Structures are given as C-alpha cells and as structure tokens.
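In: quick one, fold the following:
(4 chains)
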Protein chains: 2
Amino acid sequence: MASNLDHFFSALADPTRRAVIARLTSGPASVSELHAPHDMALPSFLKHLGKLESAGMVRSLKIGRVRMVHIEAVPMAEAEDWLKTQRRIWEGRLDRLSALAEHLERNGDHG
Amino acid sequence: MASNLDHFFSALADPTRRAVIARLTSGPASVSELHAPHDMALPSFLKHLGKLESAGMVRSLKIGRVRMVHIEAVPMAEAEDWLKTQRRIWEGRLDRLSALAEHLERNGDHG
DNA sequence: CCATTACTTAGCCATATGGCTAGCAATCTC
DNA sequence: GAGATTGCTAGCCATATGGCTAAGTAATGG
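Out: Take a look at the predicted model:
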C-alpha cells in the first residue's frame, strides 16, 4: 500500500532533503545549484532529489543540459495536515481538562 | 548529528507508527492494547514503539507487568512548525509572484 | 507454586538506504 | 569538432530497517 504520507515523511527524514526543500521555497534551481552546498558526490545527491521527486514534493524539467527543479505544494500541505489533525485531537483532549479556563478566556474575547 | 527532525519525520514515515500516534491521541494505552490491531508479531511491534519513544514522540512507564504508553507534545509541534515555516516562505513567494503579475497586468504590460 | 500474562532480549534474514567511483551521454562554447 | 559542462547510469559497499522465531524474565492469579 504505502500511503503518500509514507513517502512524504520519509523524504523529510533526511537533513539533505530538508535543506533542498528549504532552498527551493525561495525559488527554482538547477541540479548543480542545489548540489553545490552539499559535501557529497553528485550521484549520491541525485538519489536525494529522486526521492523528493518520487514523493511528489518536487518537480523538474530538463532544458538543454540543465535540469531545473521546483517545489510542489500539495504534499507539504498533506503532511502538515496530518500533524495538525493529530495535534488537534490530542490538544482537544487536553483542553477538556482545562475546559473552564479556556471557556473563560474565550468569553474574554480580546482578540 | 542527526537532528530531532530526522527522528520525528522518520518515525512518522511508517503507517504502523502513525496509527499508534493516532490511537494515542485519544488517550494512553498498554503495549498489548496498542499491538492488538496490528497483524504483526509483538517483537516487531515493539521496535516501532521503540522508535516512537526514542524520537521522543511517546513516553512509557511500566507498572507491574504492564507498560502504559502516552503521547508527547513537543515533537509533533516541532515537525508541524518546520512544515508550516517552509509553506509560509513558499506561499509568500507565490504571493509576491502573483502580486507582480497583477501589477504588470494593471500596467497594461501584456499583449 | 505453577500457569498464564505481558512484555523483553537475542539473533536471523531480506530488503532499503545512503554513500562512493567509474564511465556514458548530451549540449554548450570556442 | 574538441573540450568543457551538466547530468545520468551502473554497480559496489556498509549499515539501517522491518519482519520473523525462540526463548527468557517478571508480575499476577488460582
């Protein structure tokens, strides 16, 4: 089966790949631009790019001999949503323990 | 080195472990309660629990012969924050791009 | 105190992951 | 068109991961 989340989270479980994502948030880049800051042979780095791409977090297009890579929205949002959902349920449970405080705070409605 | 995020995300990259987290959001449970819905030998399942615990997402306490497991807040929030941060930067960039596009359009800068 | 319950440890196995080198392929540039 | 640039493929290697069985330990219950 292997849900999308499997691939998304495991893609993010590596600092090199997170760095690539972080870099790509500020705009598309070529493979060698992305590779430059990483002290690693290019083929090793390409495997990381491959994972990001097959997780759907990134897309790329080759023009001439240069491949430009850009970030893709959806997976990031999905992963974030999963975490958000879990946290909401979990916090909801905690919140019931301090329901009164929260209720009072909401009644204050200062914001 | 291996940052916290490494462990957090890789802990979440497995459906069994996500299911455990999801289960634990609705309250603590014993090892065998957690194991029950998973078609897997107990030692295999214990490895998953071990990863969740060493990622700091879960804590446990053994009372008598039963080990009770409960979820831990911080890591979930950290992982979510990382995603949120990336998405904000990325969306901010899209906003600037579409602002530019709008600006150009208003200026009659097209066809 | 003996059996059962609830883990725990040890060890095996197959596959995946993350790194490398060497060498191929395609495309600019002069 | 020769050579540099940019990327891709193939294949090797060590370690990690995720599953298993078998056997051990530590409470609890009868």
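
In: contact residues of chain A facing DNA strand D?
Out: A:Ser30, A:Val31, A:Ser32, A:His35, A:Leu42, A:Pro43, A:Leu46, A:Leu49, A:Lys62, A:Arg65, A:Val66, A:Arg67 (C-beta under 7 Å from any atom of the strand). No exception for glycine: its C-beta is placed from N, CA and C like everyone else's.

In: pretty sure the fourth one contacts A:Leu42?
Out: Spelled out, it's A:His35. Yes: using C-beta atoms under 8 Å, A:His35 is in contact with A:Leu42, at 5.7 Å.

In: looking at the two now, which is surrounded by more residues?
Out: More crowded of A:His35 and A:Leu42, by other C-beta atoms under 10 Å in any protein chain shown: A:His35, with 19 against 11.

In: for the most centrally placed residue in chain A, what are its contacts?
Out: Nearest residue to the geometric centre of chain A (C-alpha atoms, centre = their mean): A:Met76, 4.2 Å. Contact partners of A:Met76, counting by C-beta atoms under 8 Å, 6 or more residues apart in numbering or on different chains, are A:Phe8, A:Ile21, A:Met57, B:Leu83, B:Gln86, B:Arg87, B:Trp90.

In: the first one and chain B, how far apart?
Out: Plainly put, A:Phe8 is 8 Å away from chain B if you go by C-beta to the nearest C-beta, to the nearest Å.

In: got the CA positions of the helix or strand in which that residue is found in PDB?
Out: Assigned by DSSP states H and E, A:Phe8 belongs to helix A:4-12. Only the C-alpha atoms of helix A:4-12 are listed here, as PDB (Å, rounded to 0.1, in the frame of the first residue of the first chain):
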ATOM      1  CA  ASN A   4       1.600   9.200   0.300                       C
ATOM      2  CA  LEU A   5       2.400  10.100   3.800                       C
ATOM      3  CA  ASP A   6       5.000   7.300   4.000                       C
ATOM      4  CA  HIS A   7       6.900   8.900   1.100                       C
ATOM      5  CA  PHE A   8       6.400  12.500   2.300                       C
ATOM      6  CA  PHE A   9       7.600  11.900   5.800                       C
ATOM      7  CA  SER A  10      10.400   9.600   4.800                       C
ATOM      8  CA  ALA A  11      11.500  12.200   2.300                       C
ATOM      9  CA  LEU A  12      11.600  14.800   5.100                       C
END
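
In: buried residues of that helix, list them for me.
Out: Neighbour-count burial for helix A:4-12, counted by 16 or more other C-beta atoms under 10 Å in any protein chain shown, picks out A:Leu5, A:Asp6, A:His7, A:Phe8, A:Phe9, A:Ser10, A:Ala11, A:Leu12.

In: next, count neighbours for the residue in chain A that DNA strand C sits nearest to.
Out: Nearest residue of chain A to DNA strand C, counting by C-beta to the nearest atom of the strand: A:Gly64, 1.5 Å away. Applying other C-beta under 10 Å, we find 5 residues neighbouring A:Gly64.

In: quick one on the thing from earlier: now intersect the residues of chain A next to DNA strand D with the strands, please.
Out: The strands, defined by DSSP state E, take in A:Ser30, A:Lys62, A:Val66, A:Arg67 from the residues of chain A next to DNA strand D.
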